[in-house]
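Colleague: With the input below, show me the fold.
(one chain, ligands or ions: 1)
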Amino acid sequence: MNFPERFDVIVIGGGHAGTEAALASARMGQKTLLLTHNIETLGQMSCNPSIGGIGKGHLVKEVDALGGAMAAATDEGGIQFRILNSSKGPAVRATRAQADRVLYRQAIRKRLENQQNLWLFQQAVDDLLLAGARVNGVKTQLGLIFHARAVVLTAGTFLAGLVHVGQSNYQAGRAGDPPAVSLAYRLRELNLPVGRLKTGTPPRLDGRSLDYSVMEIQPGDDPVPVFSFLGDAAQHPRQLPCWITHTSEITHEIIRNGLDRSPLYTGVIAGVGPRYCPSIEDKVVRFAEKASHQIFVEPEGLTTHEVYPNGISTSLPFDVQMALVRSIKGFEKAHVTRPGYAIEYDYFDPTGLKSSLETKAIHGLFFAGQINGTTGYEEAAAQGILAGINAGLYVQERAAWCPQRNQAYLGVLVDDLITRGVTEPYRMFTSRAEYRLSLREDNADLRLTEMGRKLGVVDDLRWDAFMRKRDAIEAEQARLRSIWVRPDTLVETDALRVLGKPIEHEYNLYELLRRPDVNYAGVLSLPGAGPAVSDQQVAEQVEIQAKYQGYIDRQHDEIERGRAQESLQLPAELDYSTVRGLSVEAQQKLNRHKPETLGHASRISGITPAAISVLLVHLKRTG
Ligand code: FAD
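Modeller: Numbers count the residues shown, from 1 in each chain. Coordinates of the predicted model:
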């Protein structure tokens, strides 16, 4: 049966990628349908109820700067907030929040239900409808047919999902949810390059059965940080501490004795797991010399006793899980509420995607989230908002928006995926960004909100707040540049207190702020400096920009030098085996990847600077 409405964009999947994609497309004015297995699980966190962290927090702020939901929902659902790396430079500082998973889900669902141009429908999608090489709709489990000009697929870990606990396994999208088997089968038929990955989760515990008196408390930060640029700490619900405990030699012995029944070590699991989030059995085997591993004991919410023991993800048999849990300090009498498990699922080789996240093989079909080989809610949300925007632009017949590596972590993420592919689940780190001094959490809005406004995803409220902030930063910078102090007017005690030494000639306050050990509050305490700005975000920006200006200017010069070559387009139809001077390996790789630009080509593994020079010559000759 054909559904009566026609849509511009259909999004399949109500996880972190799908919800951001659907919201973005609808904000742009596209008539958007979000189809998902279960409306109750919109915004569900499959694993740890926490958002952010190093690299990941940067992505969340970028999603927020583009009008996305993740940061604001975290502000409404967060029960512990911390700034990681707070003693280090601003480029690597990152916000991390523990969330109440129910409040978080509610905050996401509220936004979805109240978003104009967005329809929700609960149904599993079993098939994609194609007209030649173009997608034009989907078919659901009930046989309902929905038509649209663009489809964004965000099926997460659900495609042919297989859950493992010890030697037992069963098909599921994650514990408690059905897998997407028919769709996985259909996608394999479409000849899209597919592989298997795996991820895992720890057993959950009843907090009332734990002895917190032997654990170390880990409180949140005070003052409590805020995630969204529009957020306010007053929105946060009651805050809770987390706790820290450790595994012991006895735990490790129990694990080693259980390895002969581990699906990981007996070859039952074929998919590769996340390197940076390994299972406890992996840690015990790989780091055999370590006598103990840290476990963060994190609350799952305000209205539940369940806690998440972060650090003991496992797919060992349940009896081994019980024994290992009870060997941990403070967990001796633990009641396990849910077993830990691993899940294997299909992902699609992201080198088959354009930088817009549209598949190269099927026009109008976009992929976002875990399906592209990434891991993490934040990586999924970031791809989701980009795919939603580009699906909207595709329908509007406008050029795709593809942020560059020097503009956003979002650009780094997509560029890494489409040029290098994945061999294991990909997660974001600040070390992946070569321009990380410019790509900070604190300036995500200054980098992206104006573009978001042009794309149509930033509403009036955010735009007005952003312009006020930007104007206030510029006004304060100009004000500081206009106030001068001279050796004869700056009393020595003030100079020593704020600057550590007397000044030798005339300076304006902005110049003084650029000195390494001088901060905004210090400069503002000098006589005649006038009142400080009241907005903390503005004060922070003025200080950071002053301190980093030199480095950032140098980085901009570097970016400008590389820009021309980076964005040089490579024709999609170019047959690289006809390009003289390229090695056979380079020809094969370039033919397989079909890079969009010379910059993309240069980052494909095995493509040497010599091959890039050959391509440059070829382009000049034929261009
Ligand atoms: P998901 O959040 O999986 O959402 C997919 C959505 O699509 C669901 O709503 C589903 O119902 C819907 N869907 C799927 N197929 C269909 C269909 N055919 N029709 C309709 N709807 C469909 N990340 C980490 O960073 N660290 C970890 O330690 C970690 N551990 C994990 C452990 C487990 C067991 C699991 C399952 C995930 C783990 N993750 C972890 C990954 C994290 O959950 C995902 O990265 C993130 O949720 C991906 O978001 P997504 O939107 O791509 O997919």
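
Colleague: The chain against the ligand: which residues are in contact?
Modeller: Residues of the chain found near the ligand (C-beta under 6 Å from any ligand atom) are 12-18, 35-37, 41, 46-48, 124-125, 154-158, 173-174, 177, 180, 183, 199-201, 277, 343, 369-370, 375-377, 380. For glycine as for every other residue, the C-beta is placed from the backbone atoms N, C-alpha and C.

Colleague: Next up, the contacts around the residue in the stretch 301-450 of the chain positioned nearest to the ligand.
Modeller: Evaluated by C-beta to the nearest ligand atom, the stretch 301-450 of the chain has Gly369 as its residue closest to the ligand, separated by 2.3 Å. Contacts of Gly369 were listed using C-beta atoms under 8 Å, 6 or more residues apart in numbering, and they are 13, 15-18, 154-156, 379-380, 383-384.

Colleague: Let's see that with 6 Å instead.
Modeller: 17, 154, 156, 380, 383 (C-beta atoms under 6 Å, 6 or more residues apart in numbering).

Colleague: And those residues, which two are furthest apart?
Modeller: Greatest spatial distance among these (C-beta to C-beta): Gly156 and Gln383, at 11.4 Å.

Colleague: More neighbours: the two, which one.
Modeller: With neighbours defined as other C-beta atoms under 10 Å, Gly156 and Gln383 compare such that Gln383 has more, 33 against 26.

Colleague: Phi, psi for the more buried one please.
Modeller: Gln383 adopts backbone torsions of phi -70, psi -40, taken as degrees, to the nearest 10.

Colleague: Which residue, other than its chain neighbours, is closest to it?
Modeller: Excluding the flanking residues, the one nearest Gln383 by C-beta to C-beta, 6 or more residues apart in numbering is Ala368, at 3.9 Å.

Colleague: Quick check: buried residues in stretch 230-247?
Modeller: Neighbour counts over stretch 230-247 (16 or more other C-beta atoms under 10 Å) mark 230-231, 235-236, 239-240, 242-243, 245-247 as buried.

Colleague: er, stretch 456-474 I mean
Modeller: 456-458, 462, 466, 469-470, 472-473.

Colleague: Looking at these, spot the one nearest the ligand.
Modeller: Of all the buried residues of stretch 456-474, the ligand sits closest to Val457, with 18.1 Å by C-beta to the nearest ligand atom.

Colleague: The closest one contacts Ala24, doesn't it?
Modeller: Yes: taking C-beta atoms under 6 Å as the definition, Val457 is a contact partner of Ala24 at 5.1 Å.

Colleague: In this structure Ala382 contacts Leu59, no?
Modeller: Yes: counting by C-beta under 6 Å, Ala382 touches Leu59, with 4.3 Å between them.

Colleague: Now the element after the longest helix anywhere in the chain, going C-ward?
Modeller: Longest among the helix segments of the chain by residue count, using DSSP state H, is helix 536-566. Next in sequence after helix 536-566, counting helices and strands by DSSP states H and E, comes helix 584-593.

Colleague: Point out the other helices and strands that that following helix packs with.
Modeller: Here helix 584-593 touches no other helix or strand, going by 3 or more C-beta pairs under 6 Å, 6 or more residues apart in numbering; DSSP states H and E.

Colleague: Would you mark the buried spots in that helix?
Modeller: In helix 584-593, counting by 16+ other C-beta under 10 Å, buried: 586-587, 589-590, 593.

Colleague: contacts for that helix?
Modeller: Applying C-beta under 6 Å, 6+ apart, the contact partners of helix 584-593 are 351, 576-577, 604, 606-607, 611.

Colleague: Throw those into JSON lines and include distance to Arg208, pLDDT and neighbour count, thanks.
Modeller: Shown next, in JSON lines, are the contacts of helix 584-593 (distance: C-beta to C-beta, whole Å; pLDDT from 0 to 100; neighbours: other C-beta atoms under 10 Å):
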{"residue": "Thr351", "distance to Arg208": "49", "pLDDT": "94", "neighbour count": "21"}
{"residue": "Tyr576", "distance to Arg208": "63", "pLDDT": "94", "neighbour count": "22"}
{"residue": "Ser577", "distance to Arg208": "67", "pLDDT": "92", "neighbour count": "11"}
{"residue": "Ile604", "distance to Arg208": "53", "pLDDT": "87", "neighbour count": "19"}
{"residue": "Gly606", "distance to Arg208": "55", "pLDDT": "77", "neighbour count": "11"}
{"residue": "Ile607", "distance to Arg208": "57", "pLDDT": "84", "neighbour count": "22"}
{"residue": "Ala611", "distance to Arg208": "62", "pLDDT": "83", "neighbour count": "23"}
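
Colleague: so where's the stretch 151-300 of the chain shaky on pLDDT?
Modeller: Within the stretch 151-300 of the chain, no stretch has pLDDT under 70.

Colleague: Quick check: the residue of it nearest the ligand.
Modeller: For the stretch 151-300 of the chain, C-beta to the nearest ligand atom, closest residue to the ligand: Gly156, 2.0 Å.

Colleague: Go through the buried residues of stretch 456-474 and say which is closest to Val165.
Modeller: Distances from Val165 to the buried residues of stretch 456-474, taken by C-beta to C-beta, are shortest for Val457, at 41.2 Å.
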